[in-house]
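Student: all I have is the shape, not the residue letters:
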């Protein structure tokens, strides 16, 4: 009777017995230790259930056999061998993972399977090296989006075809620009640079023209990518009539709106292209922009103004914004981090007063960023340096302003006041009173 009952599941039981490894949907990976034909059961070591006994019929219904070549099986049988692969043959290890899961797996899945058992050191560093090798190998497809799976194919595809394939399936100019930028990184390894570049450039040019007025920031990014690819491929100068960065910077386009639509990593290049396109008025536009952009962009603007011989105009603008208490928290955050000798004559007690005003303004407008407040608390020297040149009456006034400020809770106020008292003990009586 028992033999008749097991017939439909006999193939699964044979596979389980032959492979010696399995997966249960709740208990995970298991290694089959013994097969008891007398009592018709398996003894299986699951990760959290070692020596677990399972009836053969139940095992056939609930277990999935996996081969000894599966990454989970190999981690049990030959962990040291996998570690050797990780150290010497990155692609062989990734191939084991992908083939264990039908030829594809996401970066997160690969990470979960290999860390910390196989890769015990710096995963990020290991993965950067492995990813570069994957992109050069024609058997692997590495998607631009990290959430999409990496795939392995036994038939090798040339690098140029893979790059063009990613570019062709990208929808919209922004996606095509991303694909082109990724392709640019691989141009040194291409055998057919001109063919790949010409197809990408032609497609980008068509889209740039249609986005010039409606989405100038997107068009500008695409021009950067197009020009990089042309240079990497060693192609001749662009044909006459082709849109350049100068065509983007028309009178209707505002610098701040472009900066908002372009990733921070490209802001420096955006500013350079703006300077080249508007040689007469570029610095005035930058000075008008620095109070409306993130601290990192303020730094890029300040660097360009200084580099191009406009440091005094920058200092005058900063001084005016501080004295009028109209400087925003991002600008003041950049100035607090900068604190170089070039701005020594600006960095004084008025800067701290302007910081309090800017933070209170953000609080009133319900802006949730607390970066300036956190920086003031974290930097032990900032407050003391800012008030160091002030006379005692000004320090007393700033102490009162700090006590009344809604930007800091009581504990943070006590911490800041303690810094003042440490350098100016006479303030202690004011705080106690």
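Tutor: Sure, I can see it. Keep in mind it's a predicted model, so treat the numbers as computed, not measured. Numbers count the residues shown, from 1 in each chain.
Student: tally of neighbours for residue 328?
Tutor: 21 (other C-beta atoms under 10 Å). Quick note: C-beta positions are derived from backbone N, CA and C, even for glycine.
Student: the one 5 residues further on now?
Tutor: Counted by other C-beta under 10 Å, the residues lying close to residue 333 total 23.
Student: who's in contact with the one helix or strand it maps to?
Tutor: Residue 333 is part of helix 329-338, with elements assigned from DSSP states H and E. Helix 329-338 is contacted from outside by 290-291, 293-296, 298-299, 302, 318, 321-322, 327, 343, 346-347, 351, 354-355, 358-359, 362, 367, 369, 371-372, 375-376, 379, 382, using C-beta atoms under 8 Å, 6 or more residues apart in numbering.
Student: partners of the longest strand along the chain in the sheet?
Tutor: For the chain, the strand reaching the highest residue count under DSSP state E is reported as strand 28-36. Take DSSP bridges as the rule and strand 28-36 pairs in its sheet with strand 21-24 (antiparallel), strand 41-46 (antiparallel).
Student: and the contacts of the first one?
Tutor: What it means is strand 21-24. 16, 29-32, 44, 46, 59, 62-68, 70, 72-73, 76.
Student: just the buried residues of the helix holding residue 333, please?
Tutor: By neighbour count on 16 or more other C-beta atoms under 10 Å, the buried set for helix 329-338 is 329-336.
Student: one step back: and the buried ones among the contacts of helix 329-338, selectable in PyMOL?
Tutor: With 16+ other C-beta under 10 Å as the criterion, this PyMOL line picks the buried residues out of these:
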select buried, resi 290+291+293+294+295+296+298+299+302+318+321+322+327+343+346+347+351+354+355+358+359+362+372+375+376+382
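Student: so which of the strands paired with strand 28-36 is nearest residue 218?
Tutor: strand 21-24 (45.5 Å; C-beta to C-beta).
Student: now do that closest one: distance to the chain's middle.
Tutor: Strand 21-24 sits 36 Å away from the centroid of its parent chain (C-alpha atoms, centre = their mean, to the nearest Å).
Student: ok, back up a step: turn the strands paired with strand 28-36 into JSON lines, including distance to residue 278 and mean pLDDT.
Tutor: Formatted as JSON lines, the strands paired with strand 28-36 follow (distance: least, C-beta to C-beta, whole Å; pLDDT from 0 to 100):
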{"stretch": "strand 21-24", "distance to residue 278": "63", "mean pLDDT": "95"}
{"stretch": "strand 41-46", "distance to residue 278": "68", "mean pLDDT": "94"}
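Student: which of those strands sits closest to residue 308?
Tutor: Nearest of the strands paired with strand 28-36 to residue 308, taken as C-beta to C-beta: strand 21-24 at 63.1 Å.
Student: which parts of this protein are strands?
Tutor: For the chain, the strands defined by DSSP E cover 21-24, 28-36, 41-46, 52-55, 63-65, 104-105, 140-141, 150-152.
Student: which stretch among these comes nearest residue 229?
Tutor: Once these are compared by C-beta to C-beta, strand 140-141 is nearest, at 20.7 Å.
Student: contacts for the closest one?
Tutor: Residues contacting strand 140-141 (C-beta under 8 Å, 6+ apart): 91, 94, 134, 150-153, 157, 162.
Student: hang on, the earlier thing: what would the buried residues of helix 329-338 look like in a markdown table with distance to residue 399 and pLDDT?
Tutor: Converted to a markdown table, the buried residues of helix 329-338 look like this (distance: C-beta to C-beta, whole Å; pLDDT from 0 to 100):
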| residue | distance to residue 399 | pLDDT |
| --- | --- | --- |
| 329 | 21 | 96 |
| 330 | 26 | 96 |
| 331 | 25 | 97 |
| 332 | 20 | 97 |
| 333 | 22 | 97 |
| 334 | 26 | 96 |
| 335 | 22 | 96 |
| 336 | 19 | 95 |
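Student: list just the nearest of these to residue 166.
Tutor: residue 330 (36.0 Å).
Student: state the distance from that closest one to residue 401.
Tutor: 21 Å (C-beta to C-beta, to the nearest Å).
Student: same thing with residue 99?
Tutor: Taking C-beta to C-beta, one finds residue 99 at 66 Å from residue 401.
Student: residue 415: neighbouring residues, count only.
Tutor: 13.
Student: please apply the same query to residue 348.
Tutor: 17.
Student: wait, it sits on residue 386?
Tutor: Yes. Counting by C-beta atoms under 8 Å, residue 386 is a contact partner of residue 348 at 6.5 Å.
Student: nice, that's everything, thank you.
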